[in-house]
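Student: Provide a 3D model corresponding to the input given below.
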Amino acid sequence: MAYIVKLELWLSAVILICITIFCCSLGKAQEETVPESGVAGGDPTQIVAKALLCFNDKYVYSSCEQSYRLTESGNINVPPDYTDKYCSGPCLTETNLVLDCIENIMLHFKFYNKATIQDIRDTIKAGCSHGPEKGNFNVSKHIQTQGSSAYKAAYKVLFGLGLMTMVRGLLLADL
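Tutor: Residues are numbered from 1 along each chain as shown. Next up is the predicted model:
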């Protein structure tokens, strides 16, 4: 009888691990959606090239000086004494247009410094705020480490282990 209970617990553990892995999409790559063409996935090189064109679009960046523009590397080079002019002028508007352009082409775009579009938006928000980060446009300070796939995978594994422990406790409580 004890052997059957141990077997049931072992099978429950295996089933919960499988459910956790498959339901939480652990290890699955995400497909990019390209709204203009309606094609999921597509040629990654062409998608990235199209997203990078947003930086060179003369209609998007027309008034902001080249030296203060968001770069493909994910940097915003705004000196502290230019902060007010940047945040209340065309540079902020045009930078947001570039981010919108990129986001419309490739939702999960990563800059060369590994920053996401949201990381850049957070940096701009902090840099243009009236708080202690005003004038600080250092993107590396705003890169979300918790958004990394390793963090998400570890969280999902811990969630699965916690779920298995709870189920095991419930099974043993019935004995």
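Student: can you pull the contacts of the closest residue to Tyr112 other than its chain neighbours?
Tutor: In space, Tyr112 comes closest to Ser73 once its chain neighbours are excluded; the distance is 4.3 Å by C-beta to C-beta, 6 or more residues apart in numbering. Backbone N, C-alpha and C define where each C-beta goes, glycine included. By C-beta atoms under 8 Å, 6 or more residues apart in numbering, the residues touching Ser73 are Phe111, Tyr112, Asn113.
Student: out of the residues you listed, who has the most neighbours?
Tutor: Within the contacts of Ser73, most neighbours by other C-beta atoms under 10 Å means Phe111, with 19 neighbours.
Student: mind checking the SS state of the nearest residue to it once chain neighbours are set aside?
Tutor: Leaving aside its sequence neighbours, Phe111 sits nearest to Gly74 (C-beta to C-beta, 6+ apart; 2.9 Å). What DSSP: H, G, I helix; E, B strand; the rest coil gives for Gly74 is coil.
Student: Met106 versus the residue nearest to Tyr112, what's the distance?
Tutor: According to C-beta to C-beta, to the nearest Å, Ser73 and Met106 sit 16 Å apart.
Student: and what of Arg121?
Tutor: 15 Å.
Student: before we move on, what about Gln118?
Tutor: 13 Å.
Student: Next: Glu133.
Tutor: 28 Å.
Student: so Ile124 touches Glu94, yeah?
Tutor: No - using C-beta atoms under 8 Å, Ile124 is not in contact with Glu94; the gap is 11.7 Å.
Student: When these two are compared, which one has more neighbours?
Tutor: Ile124 (23 against 20).
Student: Need the phi and psi values for the more buried one.
Tutor: phi -60, psi -40 (degrees, to the nearest 10).
Student: Could I get the contacting residues of it?
Tutor: Ile76, Leu92, Thr95, Asn96, Phe137.
Student: which one of the residues you listed is nearest Val48?
Tutor: Closest approach to Val48 among the contacts of Ile124 (C-beta to C-beta): Thr95, at 19.5 Å.
Student: Outline the domain layout of the protein.
Tutor: Split into domains by automatic domain parsing, the chain comes to 1-30+148-175, 33-143.
Student: For these, which has the smallest mean pLDDT value?
Tutor: Of all these, mean pLDDT reaches its minimum on domain 1-30+148-175 (a mean of 57).
Student: which residues in this structure form helices?
Tutor: Remark: helices assigned in the chain by DSSP state H are 2-23, 44-52, 83-88, 90-105, 117-127, 149-173.
Student: now the angle from the second one to helix 90-105?
Tutor: Going back to what we said before, that points to helix 44-52. 160 degrees (axes from the mean of the first three to the mean of the last three C-alpha atoms, to 10 degrees).
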